[in-house]
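Engineer: Quick one, structure for this:
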Amino acid sequence: MSSTPATPKLAHRLGAEALGTFWLVFGGAGSAVLAAKFVGDDQISVGVGHLGVALAFGLTVLTMAYAVGHVSGGHFNPAVTLGLAVAKRFEWRDVLPYVITQVIAGAAGAGVLWLIASGAPDFEPGGFASNGYGELSPGGFSLVAVLIAEVVLTAFFLYIILGATDDRAPVGFAPIAIGFGLALIHIISIPVSNTSVNPARSTATAFFGGGEYLGQLWLFWVAPLVGAAIAGLTYAIITGVKREAVDVSGEVE
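Structural biologist: Model (predicted):
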């Protein structure tokens, strides 16, 4: 009789979440701050642009999902943690420790990015890749437009995660689907809100972006969490699979 592998200790899972969230913020926001509009000595722009930033966010999740996803589940995002708990894929008792770890690790990633970026002679922080609506939206999109976009896109991000990690899905390919899904989400919504779908990422950059961005941060907690909860509640109804609440057995040393 085969036995179910023991779940790693919470401390180890939180360590994995910290690594993954740090890398997501540092790599994703870093591509926007350091490389999106880089200008060479000949004054020719060689920046990666919106497409490069979108790909960078997707690659951070893809790489860390393979690197540490087997330890923590590879959430790196409070909305993902909530959505998985609502879908009965994750223990409610571990939601708060995960979210706190993600927020702290994201802030650390943004802090290291700030130290690097501020070393440039012409450094201007601007919004520091922060999320916003109205005048703080890259395309000037309204609060309502940004709210709808963030709810819908976060819900679909959770549908991708729940579907790719479903017992019926092909084994071993989930990080690819999730990473490319996040890249697609950024391609769609960078002009709308600079793309959040992740409250930890939004909090990390808003802290360095300044007071106006901090004033709008509430939306980038509310909308992703609502979208994630919608997906968590409806995935089983849509796909026809039912789950009992997850039962985590002992943690390994």
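
Engineer: what's in contact with the helix or strand residue 187 falls within?
Structural biologist: Using DSSP states H and E, residue 187 falls within helix 174-193. The contact list for helix 174-193, computed with Cβ atoms under 8 Å, 6 or more residues apart in numbering, reads 50-51, 53-55, 57-59, 61-63, 65-66, 69, 74, 131-133, 137-139, 141, 145-146, 149-150, 153, 156-157, 160-161, 163-165, 195, 197, 220. Bear in mind the C-beta positions are built from the backbone N, C-alpha and C, glycine included.

Engineer: repeat that for 6 Å
Structural biologist: Around helix 174-193, the neighbours that count as contacts under Cβ atoms under 6 Å, 6 or more residues apart in numbering are 50, 54-55, 57-58, 61-62, 65-66, 131, 137-139, 141, 146, 149, 153, 157, 160-161, 164-165, 195, 197.

Engineer: next SSE after it?
Structural biologist: Following helix 174-193 toward the C-terminus (DSSP H and E): helix 199-209.

Engineer: Report the distance from that next one to the chain centre.
Structural biologist: Offset of helix 199-209 from its chain centre (Cα atoms, centre = their mean, to the nearest Å): 12 Å.

Engineer: which strands and helices sit next to that helix?
Structural biologist: Under the contact definition 3 or more Cβ pairs under 6 Å, 6 or more residues apart in numbering; DSSP states H and E, helix 199-209 sits against helix 95-117, helix 219-239.

Engineer: Measure how the last one sits relative to helix 95-117, angle-wise.
Structural biologist: Here helix 219-239 points in a direction 130 degrees away from that of helix 95-117 (axes from the mean of the first three to the mean of the last three Cα atoms, to 10 degrees).

Engineer: now the end-to-end length of stretch 199-219.
Structural biologist: Terminal residues of stretch 199-219 are spaced 9 Å apart (Cα to Cα, to the nearest Å).

Engineer: quick revisit: which among the contacts of helix 174-193 count as buried?
Structural biologist: With burial judged by 16 or more other Cβ atoms under 10 Å, the buried subset of the contacts of helix 174-193 is 50, 54-55, 57-58, 61-62, 65, 131, 137-138, 141, 146, 149, 153, 157, 160-161, 164-165, 195, 197.

Engineer: so where is the chain shaky, pLDDT-wise?
Structural biologist: 1-5, 38-46, 242-253 (pLDDT under 70).

Engineer: I'd like to know how many residues surround residue 37.
Structural biologist: 12 (other Cβ atoms under 10 Å).

Engineer: scratch that, residue 206 is what I was asking about
Structural biologist: By other Cβ under 10 Å, neighbour count at residue 206 equals 27.
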